[in-house]
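*Asks:* The following block contains a protein sequence and its predicted model.
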Amino acid sequence: MSLAGLVRSGSDPDWVVLAHGVGGRQDLPIPFSLALVGAVVALLVSFAALGWLWREPRLRGETAGRPVPIGLQRMLDSTGFRWALRILGLLLVGFVVMAATLGPDRATNPTATWIYVLFWVGLVPASILFGPVWRQLNPLRTLQRGIAALLGTRPEEGLRPLPSRLGYWPAAVSLFAFTWLELVAAERTTLPVLRAFFTIYFVVHLMASVVYGSHWFDRADGFEVYSSLLGRLSPLGRRADGRLVLRSPFNSLDGLAPAAGLVATVCVLLGSTAYDGFSNSPFWIRFTSESDLSPRMSGTMGLLGFVLLAVLTYSMATWLAGVLGSQARDREHAGFGLPTLFAHSIIPIAAGYLIAHYFSLLVFEGQHALIFASDPLLKGWNLFGTAERGVDFTIVSASTIAVVQVLAIVIGHICGVVAAHDRAVRLFPRRQAVAGQLPLLVLMVCYTVGGLLLLFST
């Protein structure tokens, strides 16, 4: 069972259903077939326009951006503001830890909804709006600073250098582990399971950061990398010289430094979200119910299969792009293959999938998270005045949800086409640049069609 139908198991009479599949084909204000054709046409027109009008590289990566007022930057970069965010992060995580350790294991305990909804899903809009917010809130960074002070080391350095060959691989493993917990693991909303997972996660990353320094979090902490990659879509960024700027998300995407494991990381985000949608399809439900495999085994194979499918199709498309685009002319990123060099173009696609699949989950189950927060230990408290409230299902209509889902996928893919186009005209000879993008265009059309079918087939 996926996050779409996450239900507390056991004998607890209080059931919490985390549902994001509120929209459907019948909820679209236009016929689904027309929406599908319109999405494909939008991609094709965007590709043609870019090929005609965008013939030279225009993106400037980390050097681009209009500086924000210096007073605002000083406030945001001040020690007081940074410590305020660190303390906020500690308080938020401390609240969840309190509920998870002292509260009873019932469906109305806020732990599961805070982790799966407010944290995992809520990081998507928060990061897209404000940048890599988890970097500032991450309690592990605060704890690591304290340990470094006790050891007499600089937080950035640790005890030994961080091996560059690791790249994003630890983050890819961390994210896959969490998505497996979220989508496959048995009893995944129960407190013992959540406590065990996050205890292991915190201990591993905290120990690694003590050894390798706080740079470990930049590419190894799955949640921080998740927030940082989505934060590339934020209009707020930081130039190479440290200046806080407003800039096009395309420049932020272009400024993402290639590194080992980056492809695996973005494909975990893409593949796991696609599997979440597929796991609710009648075909998969029928297959798992009739299969001799246990639900955990079939779920693990399905999740891994979708991630590997994303890696395989993307790698094949970039390989064909290299064949059609001829030899690369830009030596700036020498040493990295084309899959890594184009990986930034997958980020808006993954973001579109995340928004499309989890928008209604955040809107409706986010209310449950706030309601449960008033009584975290289930003692009859009403700390925030929300304990007696109910979920307001009239905030957004089913048709609005369906439109958001379609637009998120289409806009995400169009942004991916733009990001890939600028990188292609930089890497490939001018005459082969457009031809080199054709495999990526076909891939994005397939992703668009597949994403829409998965969304509205249930």
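*Replies:* It's in. These numbers were taken from a predicted model, which means no experiment stands behind them.
*Asks:* for the stretch 1-150 of the chain, what spans make up the helices?
*Replies:* Assigned by DSSP state H, counting those that start in this stretch, the helices in the stretch 1-150 of the chain fall at 32-53, 70-77, 79-102, 111-113, 123-130, 133-137, 139-151.
*Asks:* nope, the stretch 351-458 of the chain is what I was after
*Replies:* 398-427, 430-456.
*Asks:* quick one: Ala172 and Ala264 touch, right?
*Replies:* Yes. If you go by CB atoms under 8 Å, Ala172 and Ala264 touch, sitting 4.0 Å apart. Yep, even glycine has a C-beta here, placed from its N, CA and C like the rest.
*Asks:* Using the three-state scheme, assign the residue lying closest to Val266 once chain neighbours are set aside.
*Replies:* Closest residue to Val266 apart from its sequence neighbours, by CB to CB, 6 or more residues apart in numbering: Ile346 at 4.4 Å. Following DSSP: H, G, I helix; E, B strand; the rest coil, the label given to Ile346 is helix.
*Asks:* just to revisit the earlier point, point out the most buried one among the helices of the stretch 351-458 of the chain.
*Replies:* Greatest average neighbour count among the helices of the stretch 351-458 of the chain goes to helix 398-427 (a mean of 23), per mean count of other CB atoms under 10 Å.
*Asks:* Show me what that helix is packed against.
*Replies:* In terms of contacts (3 or more CB pairs under 8 Å, 6 or more residues apart in numbering; DSSP states H and E), helix 398-427 is packed against helix 32-53, helix 249-254, helix 295-325, helix 338-341, helix 347-373, helix 430-456.
*Asks:* Which one of those helices lies nearest to Ala240?
*Replies:* Nearest to Ala240 among these is helix 249-254 (11.3 Å), distances taken as CB to CB.
*Asks:* can you give me how far the helix or strand following that closest one is from the chain middle?
*Replies:* For helix 249-254, the succeeding helix or strand toward the C-terminus, using DSSP states H and E, is helix 262-278. Centroid displacement of helix 262-278 relative to its chain, using CA atoms, centre = their mean, to the nearest Å, is 9 Å.
*Asks:* Would you mind putting the CA coordinates of helix 262-278 into CSV?
*Replies:* This file holds the C-alpha atoms of helix 262-278, laid out as CSV (Å, rounded to 0.1, in the frame of the first residue of the first chain):
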residue,chain,number,x,y,z
LEU,A,262,23.5,12.8,-8.6
VAL,A,263,21.7,10.7,-11.3
ALA,A,264,20.8,8.0,-8.7
THR,A,265,19.5,10.6,-6.3
VAL,A,266,17.2,12.4,-8.7
CYS,A,267,16.0,9.1,-10.1
VAL,A,268,15.1,7.9,-6.6
LEU,A,269,12.8,10.9,-6.3
LEU,A,270,11.4,10.4,-9.7
GLY,A,271,11.0,6.6,-9.6
SER,A,272,9.6,6.4,-6.0
THR,A,273,6.9,9.0,-6.8
ALA,A,274,6.0,7.1,-10.0
TYR,A,275,5.8,3.9,-8.1
ASP,A,276,3.5,5.5,-5.5
GLY,A,277,1.1,6.3,-8.3
PHE,A,278,1.4,2.9,-9.9
